[in-house]
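Colleague: Predicted structure and sequence below. I'll ask about it afterward.
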Number of protein chains: 4
Amino acid sequence: MDDDSPQSRWERRTEGPLAVALLLFLGSYAVHVLADGLPPEWKDFCLTVLFGTWGLFAVDYAVRWRLSGQRLRFVRTHLVDTVVLVLPLLRPVRIVKLYDAVLRRRGQPRLSLHARVITYATLSVSLLGFAGSLAVYQVEHTAPHATILTFGDSLWWACATLSTVGYGDVTPVTPRGRIIAVGLMACGVALLGAVTGSFSSWLIQVFSTERGKRPPGN
Amino acid sequence: MDDDSPQSRWERRTEGPLAVALLLFLGSYAVHVLADGLPPEWKDFCLTVLFGTWGLFAVDYAVRWRLSGQRLRFVRTHLVDTVVLVLPLLRPVRIVKLYDAVLRRRGQPRLSLHARVITYATLSVSLLGFAGSLAVYQVEHTAPHATILTFGDSLWWACATLSTVGYGDVTPVTPRGRIIAVGLMACGVALLGAVTGSFSSWLIQVFSTERGKRPPGN
Amino acid sequence: MDDDSPQSRWERRTEGPLAVALLLFLGSYAVHVLADGLPPEWKDFCLTVLFGTWGLFAVDYAVRWRLSGQRLRFVRTHLVDTVVLVLPLLRPVRIVKLYDAVLRRRGQPRLSLHARVITYATLSVSLLGFAGSLAVYQVEHTAPHATILTFGDSLWWACATLSTVGYGDVTPVTPRGRIIAVGLMACGVALLGAVTGSFSSWLIQVFSTERGKRPPGN
Amino acid sequence: MDDDSPQSRWERRTEGPLAVALLLFLGSYAVHVLADGLPPEWKDFCLTVLFGTWGLFAVDYAVRWRLSGQRLRFVRTHLVDTVVLVLPLLRPVRIVKLYDAVLRRRGQPRLSLHARVITYATLSVSLLGFAGSLAVYQVEHTAPHATILTFGDSLWWACATLSTVGYGDVTPVTPRGRIIAVGLMACGVALLGAVTGSFSSWLIQVFSTERGKRPPGN
């Protein structure tokens, strides 16, 4: 995708607006979920922003489908894009593209591979954890026998889940809340894998560098 | 086993039927466990399918024993096969053979090593988690002081165990349920190891590729 | 230690008896802890075996100290040996020596490095978990507000701790029980590290082998 | 920083005093938090030591800023130093410098890379866990519905969090306690990563050494 094809030009130009749209989407979703006592006109405004930004995601998806010249195969070859279109709360997983674009634009020397992996994993998992907390709070806080009663509880529960600590003092009790929780657990396992894997490969690199400095006989 | 011996021919031909038998086995076990209000004739049918498929596994094991020309040593050299014959719910661990066979038959370029390991681990752990949930539900839901009362609870508990999150809001209380749980914990540790190990070796590969692109003086 | 010095001769000859002594030690400790209604003479016999085997460990330590020709420095250079003398329940960590000795004696081709690490970690962690369960049961089951009331509870708790799942349905409540628990947690983290590290280095090895098979131009 | 610039001379000379100041800081904080029935003059003395050592940290930071010749950029390029100045309880993460200095001064052959990483991780995580336990105990033990009532509870909770076991029998309930807890969870994930990564790279090193011993044809 480093060539100058219409697809990559489109992707470069839409990266910024789509990132703003993602933040708007998460922000309006947060206001929609958290602000109970909002006057109706504000609620409508929130929903408008929510669906408007989602519409932007859909337009972007449609344009890229058109530019690719593919038919139904596009859905399969761009599976991640399709999933984050249907479930826009999962969109933070695509942040890696934006992150690379920012680094490129600022002309900074790129960070080392391990620093990039850990930065990306932390950013992406934080946004996913925030989106997951919102969704779990929405479906849980009015359920009977719920233990997640405030958004603070929900954030606390998401942190304990993502680090695979899992205290269990507050846990989702509804089927929908538990399905979202399973998704966060998977993110937690992946986060552990990313941190551990980066550490491991960094140590191996340091070790081979230390060895390389000695005369070859050792 | 890439040669054309009778053993490998037998294994190639039985891969498909045995996979269907495994799905039938898990399906009939699920119906047997979950459908309480089933009329007796359906229950008998389920049990027939259950024992029929298990009989197929036994026949396959016997034929391969015969073809190997080994005596009692076969039991020791094919320890995994022996274990999954005695405890057929553990059979999903053998899915790696089927998975490789499917890839071979479709002539697809094989996935990268890391993608294969993660796909296999996910598939195998999902089926084992499903089988474990069924078994735990069967032994727990009628026990006194049980917290796992519905199959949904059991699935939720299995997910929390496999990701090593372990909330503890629902836990097995009977000795048999706890023995199954220890098996699932071992699967969870292995899953973490597989995900982390794949990530780590993938990063090391990317790193060595990046280094390979630079002139050798650096 | 592959030379024929008095130390290594002593170590080779005492490996077998010390392993038997370790099993006798754990067995008599188990009987001492678990068998409440034992007649007094049996209890005395158990304690005799317990202290007798501990005496053997002490004699072995003293002989090796003498043979080493070192003074107080021996305590520091053989720190692990000193710790397992004072806290004999930790002695399973020394099983790696016995395990290597068994493999050597049977003249078997040694297992691959990864299989050896996982086998050793599993063996050692199982024995440590068993010893930890006994110790926690001993200090907990009579404490006020205790949740670990039976040895089954204690084993179940030890498994959940070693896999870092940590349900929290049963947990130690006394300070001594919690100190033992912290030791088991450290074992759990080390077990995770061993499993993950083995997996990771095995994958890297497979990967480099696959690459080595291709022509060097790729 | 291996040159003889004023900065590195300053850092070498202040390493020892700053380590003593860190221990004094943690000690006086511990006395301040734990000793409820202390006479007022002792309390004042504790606070004096607390703020005095913090003042030393500030002076060290200011001198290094001055010596660096940088303006506001210093805050960004020395982000870790800035964070541990504002939140001195996080200062144990800088222990790696002290640890290296001690090894250098004693002229010891440096430990292997993996042993150094595990030693540093253990030391640093122990001190952070101790500081975290103190802070959580301070904000929790008087809160309504608190479960962390004694400093023993707080230490026990910190161990369960750092190993990612997470029983959940005692958990923070106040927002401030939970924010500190999230920090400890992150330390736990990093500890797991360090242990696993060290193990993994150590195995890979042993493996490549074993391969190197064989004739090159194998």
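Modeller: Perfect, thanks for sending it.
Colleague: can the helix or strand containing residue A:76 be found next to chain B?
Modeller: Assigned by DSSP states H and E, residue A:76 falls within helix A:73-77. No. Using C-beta under 8 Å from any C-beta of the partner chain, helix A:73-77 never reaches chain B; the gap is at least 13.0 Å. To be clear about C-beta, it is placed using only N, CA and C from the backbone, and glycine gets the same treatment.
Colleague: show me the residues around residue A:35 that make contact.
Modeller: The contact partners of residue A:35, taken as C-beta atoms under 8 Å, 6 or more residues apart in numbering or on different chains, are A:42, A:46.
Colleague: Look up how far chain D lies from it.
Modeller: Per C-beta to the nearest C-beta, to the nearest Å, residue A:35 is found 20 Å from chain D.
Colleague: just residue A:143 next, same as before
Modeller: Residue A:143 sits 20 Å away from chain D, going by C-beta to the nearest C-beta.
Colleague: what's around that residue, how many residues?
Modeller: Other residues near residue A:143 number 15, with proximity taken as other C-beta atoms under 10 Å in any protein chain shown.
Colleague: quick one: contacts for the nearest residue to it once chain neighbours are set aside?
Modeller: In this structure, residue A:143 finds its nearest non-sequential neighbour in residue A:174, 4.8 Å apart by C-beta to C-beta, 6 or more residues apart in numbering or on different chains. Counting by C-beta under 8 Å, 6+ apart, residue A:174 makes contact with A:139-140, A:143, A:146.
Colleague: returning to that earlier point: quick one: buried residues of the helix holding residue A:76?
Modeller: The neighbour-count check on helix A:73-77 (16 or more other C-beta atoms under 10 Å in any protein chain shown) flags residue A:74 as buried.
Colleague: Show me what it is packed up against.
Modeller: Applying 3 or more C-beta pairs under 8 Å, 6 or more residues apart in numbering or on different chains; DSSP states H and E, we find helix A:73-77 packed against no helix or strand.
Colleague: Repeat the analysis, applying 10 Å as the threshold.
Modeller: Packing partners of helix A:73-77 (3 or more C-beta pairs under 10 Å, 6 or more residues apart in numbering or on different chains; DSSP states H and E): helix A:40-68, helix A:79-86.
Colleague: tell me the mean pLDDT for that helix?
Modeller: For helix A:73-77, mean pLDDT is 82.
Colleague: Then stretch A:49-57?
Modeller: The pLDDT scores in stretch A:49-57 average 92.
Colleague: Please tell me how far that stretch is from the chain's geometric centre.
Modeller: For stretch A:49-57, the separation from the chain centroid amounts to 17 Å (computed by C-alpha atoms, centre = their mean, to the nearest Å).
Colleague: before we move on, what about stretch A:27-47?
Modeller: Stretch A:27-47 sits 22 Å away from the centroid of its parent chain (C-alpha atoms, centre = their mean).
Colleague: buried residues in that stretch?
Modeller: A:28-33, A:46.
Colleague: Next, the angle helix C:175-213 makes with the longest helix that chain A contains.
Modeller: Longest helix of chain A, by residue count under DSSP state H: helix A:175-213. Calculated by axes from the mean of the first three to the mean of the last three C-alpha atoms, to 10 degrees, helix A:175-213 forms an angle of 60 degrees with helix C:175-213.
Colleague: tell me what helix A:175-213 is packed against?
Modeller: Contacts defined by 3+ C-beta pairs under 10 Å, 6+ apart place helix A:175-213 against helix A:113-140, helix A:151-162, helix B:113-140, helix B:151-162, helix B:175-213, helix C:175-213, helix D:113-140, helix D:175-213.
Colleague: Out of those, flag the one nearest residue C:125.
Modeller: helix C:175-213 (5.0 Å; C-beta to C-beta).
Colleague: Compute the inter-axis angle for the closest one and helix C:151-162.
Modeller: Helix C:175-213 runs at 50 degrees relative to helix C:151-162, counting by the same axes, to 10 degrees.
Colleague: Sort out which residues of helix C:175-213 are buried, please.
Modeller: C:177-185, C:187-205, C:207-208.
Colleague: Mind putting the contacts of residue A:174 into CSV with pLDDT?
Modeller: As requested, the contacts of residue A:174 are arranged in CSV below (pLDDT from 0 to 100):
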residue, pLDDT
A:139, 93
A:140, 93
A:143, 92
A:146, 92
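Colleague: TSV please, covering the residues you listed and showing distance to residue A:118.
Modeller: As requested, the contacts of residue A:174 are exported to TSV (distance: C-beta to C-beta, whole Å):
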residue	distance to residue A:118
A:139	31
A:140	31
A:143	36
A:146	35
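Colleague: from the residues you listed, which two are the most distant?
Modeller: Using C-beta to C-beta, the contacts of residue A:174 span at most 9.3 Å, a distance reached by A:139 and A:146.
Colleague: Below-threshold pLDDT in chain A: ranges please.
Modeller: Applying pLDDT under 70 to chain A picks out residues A:1-3, A:96-111, A:209-218.
Colleague: Report the central residue of it.
Modeller: The centre of chain A sits closest to residue A:92, judged by C-alpha atoms, centre = their mean, with a distance of 2.1 Å.
Colleague: pretty sure that residue contacts residue A:122?
Modeller: No. Under the criterion of C-beta atoms under 10 Å, residue A:92 makes no contact with residue A:122, lying 11.3 Å away.
Colleague: thinking again about what came up before, please compute how far the longest helix of chain A lies from its chain's middle.
Modeller: Counting by C-alpha atoms, centre = their mean, helix A:175-213 is centred 16 Å from the centre of its parent chain.
Colleague: could you give the angle of that helix to helix B:113-140?
Modeller: 140 degrees.
Colleague: one step back: what's the overlap in contacts for residue A:139 and residue A:146?
Modeller: By C-beta atoms under 10 Å, 6 or more residues apart in numbering or on different chains, residue A:139 and residue A:146 have these common neighbours: A:172-174, A:177.
Colleague: buried sites along stretch A:61-80?
Modeller: A:61, A:64-65, A:67, A:74, A:78.
Colleague: With respect to chain B, which of these is nearest?
Modeller: Nearest to chain B among these: residue A:78, at 16.8 Å, using C-beta to the nearest C-beta.
Colleague: contacting residues for the closest one?
Modeller: By C-beta under 10 Å, 6+ apart, residue A:78 lies in contact with A:61, A:64-65, A:68, A:70, A:84-85.
Colleague: Those residues into TSV, with extra columns for distance to residue B:133?
Modeller: Shown next, in TSV, are the contacts of residue A:78 (distance: C-beta to C-beta, whole Å):
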residue	distance to residue B:133
A:61	36
A:64	39
A:65	39
A:68	41
A:70	39
A:84	29
A:85	31
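Colleague: Grab the two from those residues that are most spread out in space.
Modeller: Maximum pairwise distance among those (C-beta to C-beta): 18.2 Å, between A:70 and A:84.
Colleague: what's the spacing between stretch A:154-165 and its chain's center?
Modeller: Centroid separation between stretch A:154-165 and its chain, computed with C-alpha atoms, centre = their mean, is 16 Å.
Colleague: Same question for stretch A:128-140.
Modeller: Its chain's C-alpha centre and that of stretch A:128-140 lie 13 Å apart, by C-alpha atoms, centre = their mean.
Colleague: Could you do stretch A:37-53 as well?
Modeller: Worked out by C-alpha atoms, centre = their mean, stretch A:37-53 lies 23 Å from the chain centre.
Colleague: ditto for stretch A:45-60
Modeller: Centre-to-centre, stretch A:45-60 and its host chain are 18 Å apart (C-alpha atoms, centre = their mean).
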